[in-house]
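> Sequence plus predicted model, see below.
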Amino acid sequence: MANYKIGEVSRLLKIPETTLRYYDKMGIIDSRKNQKNGYRFFNEVDLHNLMHYKLYRSYGLNQKQAQQCLYDFDLSEIERVLNEDQEELHRQLRFLEEKQKKLSQKIQFIQNMEKQLGTIHETQREASFLIGYRHRTVDNDIYLLDDQESCEILADWLDRLPLVSMTPYLFCADVRQRSIEEYSGLIVSQSLAGELKLRLSEKVMSLPDSCCISYVFQRQRAMNIPLIHFLDPVLHYLQDHHYKMDGIITFDPYIALKKHSDHLFYGRVLIPVRRISDTEKEVV
């Protein structure tokens, strides 16, 4: 059986010598030492194992899983490891597909921005999860995450931006009372949250699939004027079309520009609604 020096193995398989020494130390390969000159050498079995180790790592397996595939000849266990990796690859592909979709939507919005300003139409908001992290009032800001679990969920979700979107949001009560307060949070569709295996807790709000009124607006001096002040055109629309607000109102902050102290914020508001029943019309 042929023997190879560490430098020869490195050149042949394009693996740095330091990495080969690490693999040797971790037991991934098992080199022999020439007692006369102290050189380490490897045989054809070592090369075979290294090539298969590289192959398993190229599938996305971690070091432990790849090593397990080399030396654990339980086929069912190897199949389980490969299936887990395949599922993770599917999630990553789904992430990239959705990311491309989000970017395309944003590009289209920017290209048609002037045409869309002031437009109101009916659309559907997919069932989503929402976790709030800030409540802003006239006097101060209150951070809603007061426990480690919620902070960890927030960090987990932030790793999936832009599929998980940052959104201001309002409760119907705030709108009806014209209250000068706003909330901030992260929102993601429930189907995507399941595919990405995002963490959930009782702090995460579940928003059902809803018929919504969509309104595209331009907000000057974005940080100084509450979002609630931009809803007047939508409130008139709801009244004229016999709709009633029914759920949490969310905003899509498509693009925000800042120059010195001036702000320019183009966005879209989604207001969940339902038709007013004949009985309710009579009461009104």
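Yes, it's here. Small disclaimer: the values here were computed from a predicted structure and weren't measured.

> What residues of stretch 112-132 count as buried?
Neighbour counts over stretch 112-132 (16 or more other C-beta atoms under 10 Å) mark 116, 120, 125, 128-132 as buried. From N, CA and C alone the C-beta is placed, and that goes for glycine too.

> chain center to it: distance?
19 Å (C-alpha atoms, centre = their mean, to the nearest Å).

> One more: stretch 245-254?
Centre-to-centre, stretch 245-254 and its host chain are 19 Å apart (C-alpha atoms, centre = their mean).

> CA atoms only for that stretch, dumped as PDB, please.
These are the backbone C-alpha positions of stretch 245-254, laid out as PDB (Å, rounded to 0.1, in the frame of the first residue of the first chain):
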ATOM      1  CA  MET A 245     -61.700  47.900  11.700                       C
ATOM      2  CA  ASP A 246     -61.100  44.400  12.900                       C
ATOM      3  CA  GLY A 247     -57.600  43.700  14.200                       C
ATOM      4  CA  ILE A 248     -54.100  45.000  14.600                       C
ATOM      5  CA  ILE A 249     -53.000  47.600  12.100                       C
ATOM      6  CA  THR A 250     -49.500  47.100  10.600                       C
ATOM      7  CA  PHE A 251     -47.300  49.200   8.500                       C
ATOM      8  CA  ASP A 252     -44.700  48.300   5.800                       C
ATOM      9  CA  PRO A 253     -41.800  50.800   6.000                       C
ATOM     10  CA  TYR A 254     -40.800  50.400   2.400                       C
END
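
> Could you list the buried residues of that stretch?
Buried-residue list, stretch 245-254, by 16+ other C-beta under 10 Å: 245, 247-254.

> which residues touch the helix or strand where Val234 lies?
Val234 belongs to helix 232-240 when assigned by DSSP states H and E. The contact list for helix 232-240 (C-beta atoms under 8 Å, 6 or more residues apart in numbering) reads 118, 120, 175, 213, 215, 243-245, 269, 271, 273.

> picking up where we left off before, inside helices: which ones of the buried residues of stretch 112-132?
Members of these lying in helices (criterion: DSSP state H): Gln116.

> continuing past the host helix or strand of Tyr22, what's the next helix or strand?
Tyr22 belongs to helix 17-26 when assigned by DSSP H and E. Proceeding N to C from helix 17-26, the next assigned helix or strand is strand 32-33, under DSSP H and E.

> helices or strands up against the next helix or strand after that next one?
Toward the C-terminal end, the helix or strand that comes next after strand 32-33 (DSSP H and E) is strand 40-43. If you count contacts as 3 or more C-beta pairs under 8 Å, 6 or more residues apart in numbering; DSSP states H and E, strand 40-43 packs onto strand 3-5, helix 6-13, strand 32-33.

> Give me the distance between the second one and the centre of its chain.
Translated: helix 6-13. On the basis of C-alpha atoms, centre = their mean, helix 6-13 sits 41 Å off its chain's mean C-alpha point.

> Tell me the buried residues in it?
Quick answer for helix 6-13 (16+ other C-beta under 10 Å): 6, 9-10.

> Any chance of a markdown table for these, columns distance to Ile153 and pLDDT?
Output for those, formatted as a markdown table (distance: C-beta to C-beta, whole Å; pLDDT from 0 to 100):
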| residue | distance to Ile153 | pLDDT |
| --- | --- | --- |
| Ile6 | 47 | 85 |
| Val9 | 46 | 85 |
| Ser10 | 44 | 86 |
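
> quick one: the strands in the stretch 51-200 of the chain?
120-125, 128-136, 141-143, 165-170, 182-189 (DSSP state E, counting those that start in this stretch).

> can you give me the angle the second one makes with strand 182-189?
Regarding strand 128-136 and strand 182-189, their directions subtend 160 degrees when assessed with axes from the mean of the first three to the mean of the last three C-alpha atoms, to 10 degrees.
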